[in-house]
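Asker: Okay, here's the prediction I keep looking at, along with the sequence it came from:
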Amino acid sequence: MEFALVLLIQNPKSKIGMTDSQPTEDDYVNSDVHDGLRLRSLQQLAWAIESSVGQFKLILARCNYASLRDRLISRLREICQVEIRVLAVQQSHRTLYNAIREEFGEEISACVMVVGLESVQNLSVMLTSANQVREEFRKNFAFPLVLWIDDEIYKQLIQLAPDLESWATTRNFAISTQELIDFISETANQWFSNNLKFSVDVYIKLENELETAQRDLFNQPDVYNLEIQANLESLLGFIKQINNHKDSALQHYHKAFELWQQNHNLERQAKILGEIGFCCYLKAFKHQDINHPHWQTTWHYVKEYINFISQFQSPDLIAKAVVKFGDILRDLQKWETLQSLAEQALVVHQSNNQLRELAKDYGFLAEVALAQNNWVKANQLVNQALEVLDAVTNVESANISGVLSADFSRDLENLSPNLSPARREALNSPPSLVGKGAGGLVQFGGNEPSIR
């Protein structure tokens with residue numbers, strides 16, 4: 001799924017032709033605003049490109065929103081008489097000049113547009129280098145070059161490449177307030193319904209765009225209402241968490257929780273409270289001592305979340321809580337809470353025929369039984385978990401190791417210290433685990449948990 005800012009640009013009733021003279025900056029009329037885009041600015045950009053064919057001309061197209069930028073480029077290709085070729089800058093590109101040469105070669109008769117600068121890790125190096133070789137651009141690039149940049153990149157360009165920037169013509173493309181509000185609301189609704197799925201690159205862009213949106217709306221109290229603020233803080237918490245800025249994520253989540261409390265939205269309060277607990281777990285994960293403050297903070301918020309959702313009397317919410325927090329409760333050794341939730345979730349997952357989740361429920365209950373020194377029950381529950389997994393299509397690819405967290409041979413041996421060596425060895429390889437890869441079960445403090 002691509003970035004979710006939906007701006008539909010429809011074809012006008014007649015094709016817009018380019019005039020013989022450049023449109024003036026202040027010549028705006030209502031017909032120039034087409035689905036939130038200033039077509040007049042787009043026409044000015046098209047004119048600048050057409051009038052620069054065969055010579056180097058640097059144009060800065062300032063736009064803070066990637067989806068809006070992409071749709072502007074698409075529309076520009078319809079109204080501009082010059083071929084437009086787009087270069088998406090990659091992380092591997094160290095210099096802008098070489099990136100263009102490598103992509104398009106020696107002879108370029110078209111217009112080149114550069115996008116993706118906001119994703120470059122060492123952008124300061126790229127901009128500094130571009131400033132140093134600016135004369136090479138003029139000598140060897142006999143075509144119009146359009147750099148799509150946001151406000152933050154523009155600031156860096158002025159600071160790091162002032163000479164190159166002084167050559168440029170700038171065009172600004174802003175999004176309307178209503179479109180911005182619609183985008184925030186739609187994206188938040190997708191996230192709260194667990195339907196927000198982007199690539200890693202888009203998450204990075206989205207973080208920048210949400211922060212820009214917050215700045216854009218901050219000075220508009222008439223539209224920046226409580227719900228919009230809460231949605232923005234919620235999304236910023238999620239994006240910061242995804243992008244591994246956990247402390248910042250928690251700050252946004254706490255602010256969002258306060259705003260949803262003021263808005264009396266219990267459902268969204270529950271979602272945010274759960275995310276706070278999970279984000280605390282991401283901070284605690286690397287500490288093996290469950291008495292560490294991060295673990296205790298995690299338990300505080302997970303417990304708060306479980307108590308909070310209990311008021312809804314929703315079996316489905318309880319089942320989802322086990323999926324999200326079962327591993328955490330196990331790591332914290334909160335066996336009573338884990339048993340209660342897993343037993344409730346098991347009923348839901350059986351009813352919905354959610355086999356993977358059902359196997360996990362049995363796995364959690366088996367671990368509770370192990371903690372209670374009840375090997376017989378634990379073995380029965382493990383057998384049930386593996387029988388369920390056997391019913392899953394393509395069991396070979398199923399992540400069986402995720403059903404239990406501890407090495408069974410070790411735990412079972414600890415349960416019965418007085419057994420004979422022969423009996424203990426038999427317990428070290430329970431029949432239900434033979435051939436199932438139990439020896440490779442996930443250990444406490446292992447791989448980083450998934451946050452998506």
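Answerer: Received it, and whenever you're ready, just let me know what you need.

Asker: Extract the residue ranges of the stretch 251-400 of the chain that are flagged as low pLDDT.
Answerer: 393-400 (pLDDT under 70).

Asker: Helices of that one, start to end?
Answerer: 266-284, 293-310, 315-331, 335-351, 355-371, 375-390 (DSSP state H, counting those that start in this stretch).

Asker: who does the last one touch, helix- and strand-wise?
Answerer: Translated: helix 375-390. In terms of contacts (3 or more Cβ pairs under 8 Å, 6 or more residues apart in numbering; DSSP states H and E), helix 375-390 is packed against helix 355-371, helix 408-415. C-beta here means a position set from N, CA and C on the backbone, and glycine is covered the same way.

Asker: Could you pull out the buried residues of it?
Answerer: 375, 378, 379, 380, 381, 382, 383, 384, 385, 386, 388, 389 (16 or more other Cβ atoms under 10 Å).

Asker: can you tell which of the helices of the stretch 251-400 of the chain is closest to residue 184?
Answerer: Proximity to residue 184, assessed across the helices of the stretch 251-400 of the chain by Cβ to Cβ, is greatest for helix 266-284 (13.9 Å).

Asker: So what touches that closest one?
Answerer: Residues outside helix 266-284 that contact it (Cβ atoms under 8 Å, 6 or more residues apart in numbering) are 192, 230, 234, 237-238, 241, 246, 249-250, 253-254, 256-257, 260-261, 292, 294-295, 297-298, 301-302, 304-305, 308-309, 311-312, 317, 321, 324-325, 328, 448-449, 451.

Asker: So how do I select the buried members of those in ChimeraX?
Answerer: A single ChimeraX command suffices to select whichever of those are buried according to 16+ other Cβ under 10 Å:
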select :192,230,234,237,238,241,246,249,250,253,256,257,260,294,295,297,298,301,302,305,308,309,317,321,325,328,451
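
Asker: Residue 195 falls within a helix, correct?
Answerer: No: counting by DSSP: H, G, I helix; E, B strand; the rest coil, residue 195 is not part of a helix but coil.

Asker: how close does residue 42 sit to residue 362?
Answerer: Distance, residue 42 to residue 362, by Cβ to Cβ, to the nearest Å: 60 Å.

Asker: which residues in the stretch 101-250 of the chain form strands?
Answerer: Along the stretch 101-250 of the chain, the stretches classed as strands by DSSP state E, counting those that start in this stretch are 111-115, 144-149, 169-172.

Asker: I'd like to know which of those is closest to residue 226.
Answerer: strand 169-172 (30.3 Å).

Asker: that older thread, adding distance to residue 219, write the buried residues of helix 375-390 out as JSON lines.
Answerer: What follows is the buried residues of helix 375-390, written out as JSON lines (distance: Cβ to Cβ, whole Å):
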{"residue": "375", "distance to residue 219": "65"}
{"residue": "378", "distance to residue 219": "61"}
{"residue": "379", "distance to residue 219": "64"}
{"residue": "380", "distance to residue 219": "64"}
{"residue": "381", "distance to residue 219": "58"}
{"residue": "382", "distance to residue 219": "60"}
{"residue": "383", "distance to residue 219": "63"}
{"residue": "384", "distance to residue 219": "59"}
{"residue": "385", "distance to residue 219": "56"}
{"residue": "386", "distance to residue 219": "60"}
{"residue": "388", "distance to residue 219": "56"}
{"residue": "389", "distance to residue 219": "56"}
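
Asker: from the residues you listed, which is closest to residue 74?
Answerer: Closest to residue 74, out of all of these and judged by Cβ to Cβ, is residue 389, at 46.9 Å.

Asker: Isn't that closest one up against residue 357?
Answerer: No: using Cβ atoms under 8 Å, residue 389 is not in contact with residue 357; the gap is 11.3 Å.

Asker: tell me the pLDDT at residue 448?
Answerer: At residue 448, the pLDDT value in this model is 55.

Asker: returning to what we had before: want to throw the helices of the stretch 251-400 of the chain into JSON lines with distance to residue 135?
Answerer: Output for the helices of the stretch 251-400 of the chain, formatted as JSON lines (distance: least, Cβ to Cβ, whole Å):
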{"stretch": "helix 266-284", "distance to residue 135": "49"}
{"stretch": "helix 293-310", "distance to residue 135": "54"}
{"stretch": "helix 315-331", "distance to residue 135": "57"}
{"stretch": "helix 335-351", "distance to residue 135": "67"}
{"stretch": "helix 355-371", "distance to residue 135": "61"}
{"stretch": "helix 375-390", "distance to residue 135": "66"}
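
Asker: Go through these and pick out the most buried.
Answerer: Comparing the helices of the stretch 251-400 of the chain by mean neighbour count (mean count of other Cβ atoms under 10 Å), helix 355-371 ranks first with a mean of 23.

Asker: Distance from the chain centre to that one, please.
Answerer: Averaging C-alpha positions (Cα atoms, centre = their mean, to the nearest Å) puts helix 355-371 30 Å from its chain's average.

Asker: Measure how that helix sits relative to helix 335-351, angle-wise.
Answerer: Orientation check (axes from the mean of the first three to the mean of the last three Cα atoms, to 10 degrees): helix 355-371 against helix 335-351 gives 150 degrees.

Asker: Put the alpha carbons of helix 355-371 into CSV.
Answerer: Extracted C-alpha coordinates of helix 355-371, given in CSV (Å, rounded to 0.1, in the frame of the first residue of the first chain):
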residue,chain,number,x,y,z
LEU,A,355,-5.3,-22.2,14.3
ARG,A,356,-2.1,-20.4,14.6
GLU,A,357,-3.4,-18.3,17.5
LEU,A,358,-5.0,-21.4,19.0
ALA,A,359,-1.7,-23.3,19.1
LYS,A,360,-0.2,-20.3,20.8
ASP,A,361,-2.9,-20.3,23.4
TYR,A,362,-2.1,-24.0,24.2
GLY,A,363,1.6,-23.1,24.3
PHE,A,364,1.0,-20.4,26.8
LEU,A,365,-1.1,-22.7,29.0
ALA,A,366,1.6,-25.3,28.7
GLU,A,367,4.2,-22.8,30.0
VAL,A,368,1.8,-22.0,32.9
ALA,A,369,1.6,-25.7,33.7
LEU,A,370,5.4,-26.0,33.6
ALA,A,371,5.7,-23.0,36.1
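
Asker: Cool, thanks, talk later.
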